[in-house]
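>>> Structure for the following, please:
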Amino acid sequence: MTTSALTLITSALLLASASAYAAPPAGQDALAGPQVRVDVGGRKLNLYCSGKGSPTVLFEADTGRAGWDWSAVLPEVAKRTRACVYDRGGMGSSDPIIRPATVANASKDLNFLIKNARMEGPFVLVGAGYGALISQHFALRSRGANVAGLVLVDAMHEDALPADRAARLDAVVACLTAAEQGKPGAACGYPSNGMNADIGPALASAQAAQTAKPTYWRARASELDSLDTSADQLRKARKPFGDIKVVEVAQADPTAIVAAVAQLLEKN
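Residues are numbered from 1 along each chain as shown. Modelled structure (predicted):
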């Protein structure tokens, strides 16, 4: 093989590799940095909304994860109605936590977020994993917000917490120590997610920056360490949902999630 031919092949491979990051899902770059930062009582949480219509669909990410996890789902839902994602304390572009990251505290923060951002209901809450616990607690305990529906994606249940949560907490604490020392390792990367497999360079950079921050690992550790407390909080709040429509999605698949949201929107 000639040098010129080898150069052409190498260039083609580099271009092909670059093209994988050239066009991330529409709107993904907006989730890679701060948008609207809303005061929730001496701290600010990052909020991003797109689309128009009612109900407003509000997404809640899984444990230790930021709103950008919904980057493949948000634009599809925004074609139908108003769709919003936010970052819990310590995640994404939100301020660090100042209290234990329990379901009840997250529910209170969400209430302040909706009120102070002047978001109009009714709301359809979409929660994945741990986020499903928060969504349910908020729907059961909120007084001012009008929750019309819930989409529970691969939902964690208060009576069936992950059996490996102690091991997961140990791993997160190890990453916290590494981040505090300024040398997080490969094992401390932001975990991949089937809901946003196509990651552009802006979001990839934001995720890498996230995992270098001790504040992120503290928030993630607190959510895991508080799981039993959170489960008890939801257990005490548990009651029939009444007029709130509930759809469950077994796997975190974007197509299935969008279909479930569309199903609820048709009923409202």
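
>>> where in the stretch 151-268 of the chain is pLDDT low?
197 (pLDDT under 70).

>>> Going by residue numbers, what spans are strands in it?
Using DSSP state E, counting those that start in this stretch, the strands of the stretch 151-268 of the chain run over residues 245-249.

>>> Show me what counts as buried in stretch 179-197.
The neighbour-count criterion (16 or more other C-beta atoms under 10 Å) identifies A179, P184, C188, Y190, N193, M195, N196 as the buried residues of stretch 179-197. C-beta: built from backbone N, CA, C; applies to glycine.

>>> What does S192 show for phi and psi?
In terms of degrees, to the nearest 10, the main-chain angles of S192 are phi -70, psi 160.

>>> For L203, state which of the buried residues of stretch 179-197 is nearest.
Within these, distances to L203 taken as C-beta to C-beta reach their minimum at N196, with 7.8 Å.

>>> if we can go back for a sec, out of the buried residues of stretch 179-197, give me the two with the largest separation.
With distance counted by C-beta to C-beta, no two of the buried residues of stretch 179-197 lie farther apart than A179 and M195, which are 24.8 Å apart.

>>> sorry, back to before: looking at the buried residues of stretch 179-197, which one is closest to D29?
N196 (12.5 Å).

>>> where are the low-confidence patches of the stretch 1-150 of the chain?
Under the criterion of pLDDT under 70, the regions of the stretch 1-150 of the chain flagged as low confidence span 1-26, 143-144.

>>> How about the backbone phi and psi for the nearest residue to S226 once chain neighbours are set aside?
Counting by C-beta to C-beta, 6 or more residues apart in numbering, S226 lies nearest to T102, which is 4.6 Å off, once chain neighbours are set aside. When quoted as degrees, to the nearest 10, the phi and psi of T102 stand at phi -100, psi 170.

>>> thought T102 was touching D232?
No. Counting by C-beta atoms under 8 Å, no contact exists between T102 and D232, whose distance comes to 9.4 Å.

>>> So which of the two has more stuff around it?
Under the neighbour definition other C-beta atoms under 10 Å, T102 and D232 were set side by side, and T102 has more, 24 against 14.

>>> quick one: contacts for the more buried one?
Contacts for T102 were tallied using C-beta atoms under 8 Å, 6 or more residues apart in numbering; they are S226, T229, S230, Q233.
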